[in-house]
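> need a 3D model of the sequence below.
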Amino acid sequence: QVRLEESGGGSVQFGGSLRLSCAVSDTLENMRHIAWYRQAPTKPRELLALIGYSGKTTYADSVKGRSTISRDTTSNTVYLEMRSLKIEDTATYYCNASPWSNTGDVWGQGTQVTVSS
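Modelled structure (predicted):
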């Protein structure tokens, strides 16, 4: 079973930036894609960014232009860098992996990001 561990969350001021990390227990080559989601209280979980096997990236409109998803295949880590943070970016951020083995998507435990004015 693939395991994911997020880190890098915390408290950030409005307009600031941060980088979240997702450590994957398996080689990234075994993943169809890795994605970052977030969920704020009372809101549904929202897909933010995805990086596919080929390296192709896609972004939600809510973070497009101020976020970058990237990966390090040597350490099997996927990053989400976010800039120009807004109050509404406050949420728990989750990493998601979709293995080629079709054993089902895997989720990390989440990391909290709080943006304050």
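> quick one, what contacts the spatially most central residue of the chain?
Nearest to the mean C-alpha position of the chain, by Cα atoms, centre = their mean, lies W36 at 2.7 Å. By Cβ atoms under 8 Å, 6 or more residues apart in numbering, the residues touching W36 are 20, 22, 47-50, 69, 78, 80, 93-96. C-beta coordinates here come from the backbone N, C-alpha and C atoms, glycine included.
> and for S101?
S101 touches N30, counting by Cβ under 8 Å, 6+ apart.
> now the helices for the protein?
Along the chain, no stretch is classed among the helices by DSSP state H.
> where are the low-confidence patches of it?
Within the chain, no stretch has pLDDT under 70.
> which of the contacts of W36 has the most neighbours?
V78 (29 neighbours; other Cβ atoms under 10 Å).
> if I read this right, that residue contacts I34, doesn't it?
Yes - counting by Cβ atoms under 8 Å, I34 is a contact partner of V78 at 4.5 Å.
> overlap in contacts, those two.
C22, V24, L28, I51, R71, C95.
> filter these down to the ones in strands?
C22, V24, I51, R71, C95 (DSSP state E).
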